[in-house]
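*Asks:* dropping the sequence and predicted coords here.
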Amino acid sequence: MSHEQNWSLPLRGATNPSTHADGTNPGSFANPPQIGGPLTFSSPDTPGMPPPSTFTAWDFLPSGWVIECATKETGCAGHNHPEIGEHIRAVAPLDFEPITQLEKARLGLITPEMERVSAREDHLTAAQIRDEIAAGRLIIPANIHHLNHQLDPMAIGRASKTKINANMGASPVSSGTDEEVEKLRWSQRWGADTAMDLSTGGDLDACREALIRESTVPIGTVPIYSMIIGRKIEDLNEEIILDMLEHQAAQGVDYFTIHAGVRPWHLPAIEKRLIGIVSRGGSLLAKWMITHDQDNPMVTCFDKICQIMRQHDVSFSLGDGLRPGGLADASDEAQLGELSEIAKLTEIAWTHGVQVMVEGPGHVPFDQIEFNMKLQRQLCHGAPFYVLGPLVTDIFPGYDHITSCIGATAAGYHGASMLCYVTPKEHLGLPKADDVKQGCIAYKIAAHAADVALGIPGTRDRDDELTKARAALNWQKHFDLSFDPDTARALHDEDLDVDTDFCAMCGHDWCSVRISKEIQQFASGKAEGFDRGAALRSAALTDEQKEILEKRGILDPAEIHKLASKTHKATGANEEKASCHSDHVSEEQARQLQALDANEEEISAL
Ligand code: SF4
């Protein structure tokens, strides 16, 4: 009897995300990478999805600029109109001095920031980065003043890996500059690629200044918040808008959220919604327009805004002031109407040489996410999409880092370039440091899952290394390769503080990994050079690991103390004090723990 079956896997030519092609997975089912085209790292279209635009930022040059053919070394590839030439370059008027990364890319220049991004994203050359910037599909948000501090340039766009943003900022009710700087450090520790200062309380200017000086990642702001401190929204005018933008641009802010897509004719559609306008900027500007019976002031002075941003190379994050605030309001007339306005603003910003990304929703049912991503790709000609979540259900407040990271994974796969994190405090209060950690980790999971699915070269390498360590029951390497080693180690040791051929999940006799390792014809688990020998008691918990177990509240304080103080060597404990010393244990318990402690080196029989 033949067991042969001919599985027809839907391989479409995407890169295998494993550099070494280890393991049995044949690779990604996504489209071929096509770096330099509109389908760079893209998902196959479900029937009915909008196709990519045939335009790019090359179609929206400033007046007086012309395109000419160039050599491979001095020109850009990647234009959507091949008849213009394989490599092209823009020629600016004679006295023109380029400032922004977009202007330099159009002129065929490779900047130090492009070189740095290439070093950080080893699947992209500096020339490919330049070409993607020139096409408007990639941005390097790097204010020329922030580059004088500690900014480490990064890129946002489909050709690069998926990025995550962490929001912070004091509210009128809670927090202050020191706390927000601490949250910034914490978010950088947990992998945030950019941070937004959304302060609406405290000393906004000092907080922004401190965050810019402290951060190695780009800082974004929503400048309208600062414009209305101490005044009513109705009093906002062009002079206030431009002054604040000039001030923040000179401070070093890398990208501005400007809600210029909200127009008066969108507002009647809001009446049909369950939850109206949920964007602060969107609701404030709607109120201004209704009060004055005039168009959005961010639109009427949009050219002047572009001129200020160009002078400092501040990138646009064109804000979605009408994003849906609940599943029922998703993909409605107001949201999509605003997106269409944002597309026109994208074209205008490009004619000013300003880099652009576009903000997106919000709360979107899972089945509508692909359409939302691909509609933006079409309307905005491939400009990077930066989405908030989206949340795929509304009934889990307290867990919205999870509801949204599910949507964010789909968004990352179908077209988003940056995912704005959502923390467990979303809808409920201002995030604390641990909420920042939880939000960052949820979104690193979403971004990484999307990158592996898209077949971005090398993105699966660490997963494969960890799988091999797991198969070999090499616990320490397993933890070292984990994104959060302290949590992994603490949870393992909570049940069994011994590194051996099983864990407390199944126990010795039922451990399938141990059994697989013993089956001779499997290569599984036979890691070259790894021999743990006899079972070893793990080292004492670090302070971080101890804190993790204390927060869980599963073990009693004496048990945690025992895990945290079991070796003098590991802890560097004071020799004059018993390692089991604690206010939590009696003398008798301390003596028993001490006896265990003395025998910590090796457990030969389990
Ligand atoms: S005991 Fe179960 S969970 Fe633990 S390593 Fe073995 S198979 Fe995995």
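*Replies:* Great, that's in hand. This structure is a prediction, so every number in the text was calculated from the model and none was measured.
*Asks:* tell me the phi and psi of the residue most central in space within the chain?
*Replies:* Of all residues in the chain, the one closest to the mean position by C-alpha atoms, centre = their mean is I164, 0.9 Å from it. I164 adopts backbone torsions of phi -130, psi 150, taken as degrees, to the nearest 10.
*Asks:* could you do V66 as well?
*Replies:* phi -130, psi 160.
*Asks:* helices along the stretch 501-606 of the chain, start to end?
*Replies:* 512-518, 543-552, 557-564, 568-571, 587-597 (DSSP state H, counting those that start in this stretch).
*Asks:* and for L147, the neighbour number?
*Replies:* 16 (other C-beta atoms under 10 Å). Placement of C-beta: from N, CA and C, glycine included.
*Asks:* quick revisit: lowest-confidence stretch among the helices of the stretch 501-606 of the chain?
*Replies:* Lowest mean pLDDT within the helices of the stretch 501-606 of the chain: helix 568-571, a mean of 47.
*Asks:* next, the closest residue to the ligand within the stretch 301-450 of the chain: secondary structure please.
*Replies:* Proximity of the stretch 301-450 of the chain to the ligand (C-beta to the nearest ligand atom) peaks at I445, 19.9 Å away. Look at I445: counting by DSSP: H, G, I helix; E, B strand; the rest coil, its state is helix.
*Asks:* that one and C405 touch, don't they?
*Replies:* Yes: counting by C-beta atoms under 8 Å, C405 is a contact partner of I445 at 6.1 Å.
*Asks:* out of those two, which sits in the busier spot?
*Replies:* Between I445 and C405, counted using other C-beta under 10 Å, C405 has the larger neighbour count: 26 against 18.
*Asks:* A strand includes the more buried one, no?
*Replies:* No: according to three-state DSSP, C405 belongs to no strand; its state is helix.
*Asks:* T409: which element?
*Replies:* Element membership of T409, judged by DSSP states H and E, is helix 400-414.
*Asks:* so which elements touch that helix?
*Replies:* helix 369-379, strand 385-388, strand 418-420, helix 433-454 (3 or more C-beta pairs under 8 Å, 6 or more residues apart in numbering; DSSP states H and E).
*Asks:* report the angle between that helix and helix 369-379.
*Replies:* Here helix 400-414 runs at an angle of 50 degrees relative to helix 369-379 (axes from the mean of the first three to the mean of the last three C-alpha atoms, to 10 degrees).
*Asks:* mind saving the C-alpha coords of helix 400-414 as CSV?
*Replies:* Output of helix 400-414 as CSV, limited to C-alpha atoms (Å, rounded to 0.1, in the frame of the first residue of the first chain):
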residue,chain,number,x,y,z
ASP,A,400,-6.9,44.9,24.3
HIS,A,401,-3.2,44.3,23.8
ILE,A,402,-4.4,40.8,22.7
THR,A,403,-7.5,41.7,20.7
SER,A,404,-5.4,44.3,18.8
CYS,A,405,-2.3,42.2,18.3
ILE,A,406,-4.4,39.7,16.5
GLY,A,407,-5.5,42.4,14.1
ALA,A,408,-2.0,43.9,14.0
THR,A,409,-0.6,40.5,12.8
ALA,A,410,-3.2,40.5,9.9
ALA,A,411,-2.5,44.1,9.1
GLY,A,412,1.3,43.5,9.1
TYR,A,413,0.8,40.6,6.7
HIS,A,414,-1.5,42.4,4.4
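*Asks:* same question for that helix, mean pLDDT?
*Replies:* Taken as a whole, helix 400-414 has a mean pLDDT of 98.
*Asks:* where along this structure do the strands fall?
*Replies:* Secondary structure of the chain (DSSP state E): strands at 66-69, 88-91, 138-139, 156-157, 163-168, 194-197, 219-221, 255-258, 315-318, 356-360, 385-388, 418-420, 498-499, 536-537.
*Asks:* adjacent strands (with direction) for the first one?
*Replies:* Strand 66-69 has the following sheet partners, assigned by DSSP bridges: strand 88-91 (antiparallel).
*Asks:* and the contacts of the partner strand?
*Replies:* Applying C-beta atoms under 8 Å, 6 or more residues apart in numbering, the set of residues contacting strand 88-91 from outside is 58, 61, 65-70, 74-76, 79, 106-108, 134.
*Asks:* quick check: the farthest pair among the residues you listed?
*Replies:* L61 and T74 (17.2 Å; C-beta to C-beta).
*Asks:* which of those two has more neighbours?
*Replies:* Per other C-beta under 10 Å, whichever of L61 and T74 has more neighbours is L61, with 17 against 13.
*Asks:* give me the beta-bridge partners of the residue lying closest to the more buried one once chain neighbours are set aside?
*Replies:* Of all residues not flanking L61 in the chain, A90 sits nearest, at 5.9 Å (C-beta to C-beta, 6 or more residues apart in numbering). Applying DSSP bridges to A90 gives these bridge partners: I67.
*Asks:* helices and strands of the chain: which one has the lowest mean pLDDT?
*Replies:* When each helix and strand of the chain is scored by mean pLDDT, DSSP states H and E, helix 568-571 comes last, with a mean of 47.
*Asks:* tell me the buried residues in stretch 544-564?
*Replies:* For stretch 544-564, a neighbour-count test (16 or more other C-beta atoms under 10 Å) marks Q545, K546, I548, L549, L555, A558, E559, I560, H561, K562, L563, A564 as buried.
*Asks:* for these, which one is nearest V173?
*Replies:* Closest to V173, out of all of the buried residues of stretch 544-564 and judged by C-beta to C-beta, is I548, at 28.9 Å.
*Asks:* quick one: contacts for that closest one?
*Replies:* Contacts for I548 (C-beta under 8 Å, 6+ apart) come out as D486, T487, A490, L491.
*Asks:* 7 Å - rerun?
*Replies:* By C-beta atoms under 7 Å, 6 or more residues apart in numbering, the contact set of I548 is D486, T487, A490.
*Asks:* pLDDT at the closest residue in space to A126 that isn't next to it in sequence, what is it?
*Replies:* Leaving aside its sequence neighbours, A126 sits nearest to S118 (C-beta to C-beta, 6+ apart; 4.2 Å). Note on S118: pLDDT of 98.
*Asks:* and S118, how close does it get to A410?
*Replies:* 29 Å (C-beta to C-beta, to the nearest Å).
*Asks:* the more surrounded of those two?
*Replies:* Using other C-beta under 10 Å as the criterion, S118 and A410 rank with A410 on top: 25 against 20.
*Asks:* next up, the contacts around that one.
*Replies:* With C-beta under 7 Å, 6+ apart, A410 has these contacts: F366, I369.
*Asks:* what's F96 in contact with, if anything?
*Replies:* F96 neighbours (C-beta under 7 Å, 6+ apart): none.
*Asks:* give me that answer again for 10 Å
*Replies:* P62, G64, W65, A90, E103, L107, G353 (C-beta atoms under 10 Å, 6 or more residues apart in numbering).
*Asks:* kindly report the same for E246.
*Replies:* Contacts of E246 by C-beta under 10 Å, 6+ apart are K304, I305, I308, M309, Q311, H312.
*Asks:* can you tell me how far it is from the ligand?
*Replies:* 58 Å (C-beta to the nearest ligand atom, to the nearest Å).
*Asks:* mind pulling up the pLDDT for that residue?
*Replies:* pLDDT for E246: 98.
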